[in-house]
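Participant: just coords:
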């Protein structure tokens, strides 16, 4: 199926779901095995990979939420039927809807939403930046070892097509506009309800049309290809020093940064629904013979009786006379056991920022929840909401503020180690007290293996994260650092480049305001 047909299927599904009243489905699931519709979700090749989710407000479609994940599974039936091609078709559909209907679209990896506990149906769009495309040029002094030469070929005339045995009509296979002609028109479609008629029509069609296979010959021209995975062609160019170099250009697609609001579930201890917070069972009956609460001895016997134990002893209460002989007036609630609270799941509304860390040489993607008191309306306000008040005050005073990931560092000129120790600070160095073996990541490169096969000092880790500094002074809840700050996560490559703070000044380490443990 061609790219244009994928776009048409996605648009037909979206227009059908936008109708206020239920109307007949534009196609059945069997009619489109490649892009499978399930309510407000359009999937690729079944239900394992959702492509797009319609965002509604009060039942009306107000936007589209696109899946930013990539699928590395089977490629499907040809290069135009892969999940990546389905995603490209859905992106084109979303861009057309935004231009013609004014519907927003936001691209966020659905795996990120799932790990955050966000239900895609509760997402609301607040702000979004424009998606960008960047031309990346890679240059080499010599051809990489993975490169190879590929000879250009062409099809001989009169091959790669179909010929009609009765009329002599010729149909050439190939691209026709945006559609690839797999076969001439008139091929019968399979119908399971009328298989006999289908076979008769199919046999007549096969006897009328004959397939002429493609015959290729070399043109004598060859191209240097980077590798068999990317298939980028290397281009020869002359450098400034007169030598010949190799380079190729490819386009990188950067997702748009977005600010959303959604509902997420959480667990907590809340008032019991059964007893409404009294701890007493609501169906208890008062018994006149009872003189008060049970003693511990009778209370234990009562628990055994409630569990269904059957004892043929005279001193145990008769099951038929439950509230006679030592029973208590107030029976504990069965749901909370008298504690008046139970563990329940509830939902809350929070703001989330999907963006990139532009401090890195190659901006890295992140998705974070904003503080509960933040009510941003733009992406710039969302970034400012992540800054602690200490960092904003330091910036207003003109202090130097640096950042690595979610850790801020404020320069403290005039502060020395003697003053920190006199105030009760504990000084630790990265090379002292090595007691934790850090494991090598599964996808480590050769040059990274010695870096990860070493002992690390967890006392130099900052605020419980895997950011470590050369020297750290812990003064209460405050951390003062100097030297080099590194990111040393377990079993994976670092997300951030090293940050050199120097040895002259101490820096106050302040984490950002991302909620932790909510």
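Facilitator: Arrived safely. These numbers were taken from a predicted model, which means no experiment stands behind them.
Participant: tell me the contacts of residue 394?
Facilitator: Listed by C-beta atoms under 8 Å, 6 or more residues apart in numbering, the contact partners of residue 394 are 401, 410. Placement of C-beta: from N, CA and C, glycine included.
Participant: Look through the protein and tell me its longest helix.
Facilitator: For the chain, the helix that runs over the most residues, judged by DSSP state H, is helix 83-100.
Participant: Quick check: what element follows it along the chain?
Facilitator: Toward the C-terminus, helix 83-100 is succeeded by strand 104-108 as the next helix or strand (DSSP states H and E).
Participant: so what does that following strand touch, helix or strand wise?
Facilitator: The helices and strands touching strand 104-108, judged by 3 or more C-beta pairs under 8 Å, 6 or more residues apart in numbering; DSSP states H and E, are strand 60-67, helix 83-100, strand 124-128, strand 258-271.
Participant: What is the longest one packed up against?
Facilitator: Helices and strands touching helix 83-100, by 3+ C-beta pairs under 8 Å, 6+ apart, are helix 3-18, strand 41-44, strand 50-57, strand 60-67, strand 104-108.
Participant: ok so, going back, just tell me which of the helices and strands packed on strand 104-108 ends up closest to residue 506.
Facilitator: When the helices and strands packed on strand 104-108 are compared by C-beta to C-beta, strand 258-271 sits nearest residue 506, at 35.3 Å.
Participant: Check which residues of that closest one are buried.
Facilitator: 258, 259, 260, 261, 262, 263, 264 (16 or more other C-beta atoms under 10 Å).
Participant: Pick the one among those residues closest to residue 376.
Facilitator: Proximity of the buried residues of strand 258-271 to residue 376 (C-beta to C-beta) peaks at residue 259, which lies at 6.3 Å.
Participant: My guess is that closest one contacts residue 374. True?
Facilitator: No. Here residue 259 does not reach residue 374: they are 10.2 Å apart, not a contact under C-beta atoms under 8 Å.
Participant: Could you name every residue contacting both of those two?
Facilitator: 351, 382.
Participant: secondary structure class for the residue sitting nearest the centre point of the chain?
Facilitator: Central residue of the chain (C-alpha atoms, centre = their mean): residue 112, 2.5 Å from the mean position. Of the three states, residue 112 takes helix according to DSSP: H, G, I helix; E, B strand; the rest coil.
Participant: In terms of helices and strands, where is the nearest residue to it once chain neighbours are set aside?
Facilitator: Ranked by C-beta to C-beta, 6 or more residues apart in numbering and with sequence neighbours excluded, the top spatial neighbour of residue 112 is residue 367, at 4.5 Å. Secondary structure assignment for residue 367, by DSSP H and E: strand 364-369.
Participant: Could I get the helices and strands packed on strand 104-108 in JSON lines, plus columns for distance to residue 404 and mean pLDDT?
Facilitator: As requested, the helices and strands packed on strand 104-108 are arranged in JSON lines below (distance: least, C-beta to C-beta, whole Å; pLDDT from 0 to 100):
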{"stretch": "strand 60-67", "distance to residue 404": "30", "mean pLDDT": "92"}
{"stretch": "helix 83-100", "distance to residue 404": "33", "mean pLDDT": "90"}
{"stretch": "strand 124-128", "distance to residue 404": "26", "mean pLDDT": "94"}
{"stretch": "strand 258-271", "distance to residue 404": "23", "mean pLDDT": "92"}
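Participant: residue ranges for the helices of the stretch 101-250 of the chain, please.
Facilitator: Along the stretch 101-250 of the chain, counting by DSSP state H, counting those that start in this stretch, helices occupy 110-115, 195-208.
Participant: Ranking those by mean neighbour count, which comes first?
Facilitator: helix 110-115 (a mean of 15; mean count of other C-beta atoms under 10 Å).
Participant: Tell me where this structure is predicted with low confidence.
Facilitator: 1-2, 21-33, 72-80, 175-180, 190-193, 282-331, 433-455, 517-518 (pLDDT under 70).
Participant: residues touching residue 265, list them.
Facilitator: Shown in contact with residue 265 (C-beta under 8 Å, 6+ apart): 117, 345, 346, 347.
Participant: Reformat the helices and strands packed on strand 104-108 as CSV; add distance to residue 36.
Facilitator: Below are those laid out as CSV (distance: least, C-beta to C-beta, whole Å):
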stretch, distance to residue 36
strand 60-67, 14
helix 83-100, 10
strand 124-128, 25
strand 258-271, 25
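Participant: among the ones you listed, which is nearest residue 44?
Facilitator: From the helices and strands packed on strand 104-108, taking C-beta to C-beta, the stretch that ends up closest is helix 83-100, at 4.4 Å.
Participant: Now do that closest one and strand 104-108, the angle between them.
Facilitator: 150 degrees (axes from the mean of the first three to the mean of the last three C-alpha atoms, to 10 degrees).
Participant: Am I right that residue 277 sits in a helix?
Facilitator: No. According to three-state DSSP, residue 277 belongs to no helix; its state is coil.
Participant: Please renumber the chain so that the first residue is 49 from this point on.
Facilitator: Sure thing, new numbering starts at 49, so read that last one as residue 325.
Participant: Leaving out sequence neighbours, find the closest residue to it.
Facilitator: Excluding the flanking residues, the one nearest residue 325 by C-beta to C-beta, 6+ apart is residue 319, at 4.0 Å.
Participant: same check, this time on residue 259
Facilitator: Closest to residue 259 by C-beta to C-beta, 6+ apart is residue 210, at 5.8 Å.
Participant: what's across from that neighbour in the sheet?
Facilitator: For residue 210, the beta-bridge partners under DSSP bridges are residue 219, residue 259.
Participant: Residue 432: neighbour count?
Facilitator: Look at residue 432: counted by other C-beta atoms under 10 Å, it has 13 neighbours.
Participant: and it, what does it touch?
Facilitator: Counted by C-beta under 8 Å, 6+ apart, residue 432 has contacts 424, 440.
Participant: Show me what counts as buried in the longest strand belonging to the chain.
Facilitator: When the chain is parsed with DSSP state E, its longest strand is strand 389-405. Across strand 389-405, burial judged by 16+ other C-beta under 10 Å covers 390, 398, 399, 400, 401, 402, 403, 405.
Participant: mind checking which of the helices of the stretch 149-298 of the chain is nearest residue 447?
Facilitator: Per C-beta to C-beta, nearest to residue 447 of the helices of the stretch 149-298 of the chain: helix 158-163, 33.9 Å.
Participant: other SSEs contacting that closest one?
Facilitator: Helices and strands touching helix 158-163, by 3+ C-beta pairs under 8 Å, 6+ apart: there are none.
Participant: Figure out how far that helix is from the centre of its chain.
Facilitator: From the chain centre to the centre of helix 158-163 is a distance of 4 Å (C-alpha atoms, centre = their mean, to the nearest Å).
Participant: Kindly report the same for stretch 534-547.
Facilitator: Its chain's C-alpha centre and that of stretch 534-547 lie 20 Å apart, by C-alpha atoms, centre = their mean.
Participant: With that, I have no additional questions.
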